[in-house]
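> take a look and give me a structure for this.
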Amino acid sequence: VRKFTLENKPDKPKTIYIYENGKLIKGSPFNSYSTAHKALGLKTTSNTCNRYLDTNRSYKSKYIFTTNPLTS
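Residues are numbered from 1 along each chain as shown. As a prediction, this is how the structure comes out:
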């Protein structure tokens with residue numbers, strides 16, 4: 001499993017933008033899920049980013065997770 005994971009790892013890591021009420025939160029964009037989770041006060045092993053990333057659903061009715069910056 002480890003070999004498969006390493007072979008299929010993307011060349012470019014995902015960048016996570018987190019918006020609170022339409023504005024980037026402090027520290028955003030993040031280069032890893034764990035740092036994004038830490039900024040929200042979640043466990044670094046949380047699965048929140050995976051569930052909400054690019055779904056247009058808000059987390060706790062206030063945060064939006066995207067891989068691309070929002071346009072005004």
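> so in terms of bridging, what pairs with the spatially most central residue of the chain?
Centroid-nearest residue in the chain, with Cα atoms, centre = their mean: I16, separated by 3.9 Å. Beta-bridge pairing of I16 under DSSP bridges involves F30.
> thought it was touching F65?
Yes. With contact defined as Cβ atoms under 8 Å, I16 and F65 form a contacting pair (6.2 Å). Any C-beta I mention is one placed from the backbone N, CA and C, and that applies to glycine too.
> find residues that contact each of those two.
36, 49, 53 (Cβ atoms under 8 Å, 6 or more residues apart in numbering).
> point out where this protein drops to low pLDDT.
10-13, 72 (pLDDT under 70).
> mind running it again at 90?
Regions of the chain meeting the criterion pLDDT under 90 cover residues 1-14, 21-22, 32, 49-50, 56, 70-72.
> which residue ranges form the helices in it?
2-7, 33-39, 48-52 (DSSP state H).
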